[in-house]
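Novice: any chance you could fold what I've pasted below:
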Amino acid sequence: MSKAAVAWYSGLGRLRFFHDRQARREPLKAQPKTRKMRILELSARAVSENSISQRMCFACGGPPSTGAGEHVIPKWLQHKFNLFNERLTVLNGTLIPYRNLTVPCCEACNNGFLSQIENAVQPIIERGTVETQDEKLLLGRWLSKILIGFLVKETGLLLDRKRPDSGPMVPAQFIEELQHCHFVLQSARKPTTFRCLHGNLPFSLYFYEVADTGGDQEFDLSTNIFGQSVAIRAGRLGVIFVSDGGLQMHAGPGGPYALSGSAVSGAQFSELAARVHYKATLRDATHFYITSENDEFMQVEQMHVESYSGLIPGSDELRIFEEWDEEAFSYALAAYTRFDRSTVFDEGTKTCKSTLGSLLRDH
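Specialist: Below is the predicted model:
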């Protein structure tokens, strides 16, 4: 597989915007300098349009350091997979080197809780397996950082580099759509309890053992910014993350065809990622949250699910996802697997060809 990265969004040009609403007991107010800001305040400041537009620290919204900033793909991972001179594709189709994928960050965040996240995840990547619930949370935090980092980077890049008046790839105010994703990231700052409706974690996460020839040196990355999903293959470990409050886990705890935890090929992992990315764009619901915090800990509680469309016609069940469209999915499948659409979609039967047949027979 290529070391390039892919970003794709749904609707054949129609951007999908989702918002996880947060319930707070009172509006944020200016705080005395003598009191340390709490996580909810730091997160709110970091995702504000003003902070993003002024290129403040992506993790806390404070003044950034004068250095290169935070590497969205950490340097230890770039060293391990020789990514420094490799390039990835951003939303407008241009290629940028991994080494240049940095976002503004202050020294305290860079050398503090963000460094702790990297140190915790590195042994999991080196081992190539996910063994505990705590490790799923560690990976969720790390992939939240990557997803937010991609979005922040793209708010600072022109949609058309030849036209300075074209505006950014992603408007600065869209970062607020990742408020919940930011809470997952910020939970590394202090002990945090998540009370979830669909499991133990407030996101969807699937992992796979990717077994290919030369697999230890293989790296691949794909994102769907507007579906709030990211998939990464690092050696023999493949992980897919969706910042959806766990709605995909509710629909199917094992992911597509319940294959999470299985051994798959690189091509099969790419197809699984495409299926999760596409389903992320079909999300038609959100959660209502109550968040609370004191000096020692934070609690994030899912209260209920709210559907944008209401009930499924003819039933008393909330509509959580829009209907799957095989023809629309074929565009995502082609993009993420890097095959021509004509090779993955059968126009006669209007179905996508799959690499998962052998797994499904054995599963």
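
Novice: helices of the chain, start to end?
Specialist: 39-46, 49-53, 75-80, 107-111, 113-127, 133-155, 179-186, 247-251, 266-281, 326-337, 341-344, 357-362 (DSSP state H).

Novice: which one of the ones you listed lies closest to Asn200?
Specialist: Between Asn200 and these, the shortest gap by C-beta to C-beta is with helix 133-155, which sits at 5.8 Å. Every C-beta, even on glycine, is put in place using the N, C-alpha and C of the backbone.

Novice: pull out the buried residues from the closest one.
Specialist: 135-155 (16 or more other C-beta atoms under 10 Å).

Novice: can you redo the helices of the chain as TSV with mean pLDDT and distance to Tyr206?
Specialist: Putting the helices of the chain into TSV (pLDDT from 0 to 100; distance: least, C-beta to C-beta, whole Å) gives the following:
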stretch	mean pLDDT	distance to Tyr206
helix 39-46	90	26
helix 49-53	90	30
helix 75-80	94	20
helix 107-111	94	28
helix 113-127	96	15
helix 133-155	94	10
helix 179-186	92	16
helix 247-251	91	8
helix 266-281	96	7
helix 326-337	95	15
helix 341-344	94	21
helix 357-362	75	14
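
Novice: dump the ones you listed into a markdown table; add distance to Leu318 as well.
Specialist: Listed next are those as a markdown table, based on distance: least, C-beta to C-beta, whole Å:
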| stretch | distance to Leu318 |
| --- | --- |
| helix 39-46 | 28 |
| helix 49-53 | 31 |
| helix 75-80 | 39 |
| helix 107-111 | 38 |
| helix 113-127 | 34 |
| helix 133-155 | 25 |
| helix 179-186 | 19 |
| helix 247-251 | 11 |
| helix 266-281 | 17 |
| helix 326-337 | 22 |
| helix 341-344 | 32 |
| helix 357-362 | 29 |
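
Novice: which stretch among those helices comes nearest Val239?
Specialist: Taking those one by one with C-beta to C-beta, helix 133-155 is closest: 5.6 Å.

Novice: what packs against that closest one?
Specialist: Here helix 133-155 touches helix 49-53, strand 102-103, helix 113-127, helix 179-186, strand 204-210, strand 229-234, strand 237-242, going by 3 or more C-beta pairs under 8 Å, 6 or more residues apart in numbering; DSSP states H and E.

Novice: show the average pLDDT along the shortest one.
Specialist: The average pLDDT for strand 102-103 rounds to 94.

Novice: please renumber so the chain begins at 490
Specialist: All right, first residue 490 from here; so that's strand 591-592.

Novice: what's next to it, contact-wise?
Specialist: Phe547, Ala557, Gly558, Glu559, His560, Val561, Gly638, Val641, Lys642 (C-beta atoms under 8 Å, 6 or more residues apart in numbering).

Novice: residues in contact with the fourth one?
Specialist: With contacts taken as C-beta under 8 Å, 6+ apart, Glu559 has the following neighbours: Phe547, Ala548, Thr591, Val592, Pro593, Cys594, Cys598, Asn599, Leu603, Gly638.

Novice: just the first one next, same as before
Specialist: Applying C-beta under 8 Å, 6+ apart, one finds that Phe547 lies in contact with Ala535, Ile541, Glu559, Val592, Pro593, Cys594, Ile637, Gly638, Val641.

Novice: in CSV, list the helices and strands packed on helix 622-644 along with distance to Arg652 and mean neighbour count.
Specialist: As requested, the helices and strands packed on helix 622-644 are exported to CSV (distance: least, C-beta to C-beta, whole Å; neighbours: other C-beta atoms under 10 Å):
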stretch, distance to Arg652, mean neighbour count
helix 538-542, 19, 17
strand 591-592, 24, 21
helix 602-616, 34, 17
helix 668-675, 30, 25
strand 693-699, 37, 23
strand 718-723, 29, 26
strand 726-731, 33, 26
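
Novice: can you redo those as TSV with distance to Glu806?
Specialist: Shown next, in TSV, are those (distance: least, C-beta to C-beta, whole Å):
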stretch	distance to Glu806
helix 538-542	36
strand 591-592	40
helix 602-616	37
helix 668-675	23
strand 693-699	20
strand 718-723	24
strand 726-731	21
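
Novice: looking at those, which is nearest to Phe834?
Specialist: Closest among these, using C-beta to C-beta: strand 718-723, at 20.7 Å.

Novice: just checking, what packs against that closest one?
Specialist: Counting by 3+ C-beta pairs under 8 Å, 6+ apart, strand 718-723 packs on helix 622-644, strand 708-713, strand 726-731, helix 755-770.

Novice: strand partners of it, parallel vs antiparallel please.
Specialist: strand 708-713 (antiparallel), strand 726-731 (antiparallel) (DSSP bridges).

Novice: which residues are contacting stretch 836-851?
Specialist: Contacts of stretch 836-851 (C-beta under 8 Å, 6+ apart): 745-746, 748, 751, 753-754, 756-757, 760-761, 815-816, 818-819, 822, 832-835.

Novice: run the chain-centre distance for that stretch.
Specialist: On the basis of C-alpha atoms, centre = their mean, to the nearest Å, stretch 836-851 sits 26 Å off its chain's mean C-alpha point.

Novice: do the same with stretch 707-715
Specialist: 9 Å.

Novice: same deal with stretch 575-594?
Specialist: 16 Å.

Novice: in it, which residues are buried?
Specialist: 575-580, 587-588, 590-594.

Novice: what's the neighbour count on Met658?
Specialist: Per other C-beta atoms under 10 Å, the neighbour tally for Met658 reads 20.

Novice: got the confidence number for it?
Specialist: Reading off the model, Met658 has pLDDT 75.

Novice: wait, it touches Gly582, no?
Specialist: No. Using C-beta atoms under 8 Å, Met658 is not in contact with Gly582; the gap is 10.1 Å.

Novice: picking up where we left off before, from the contacts of stretch 836-851, keep the buried residues only.
Specialist: 745, 748, 751, 753-754, 757, 760-761, 818-819, 822, 833-834.
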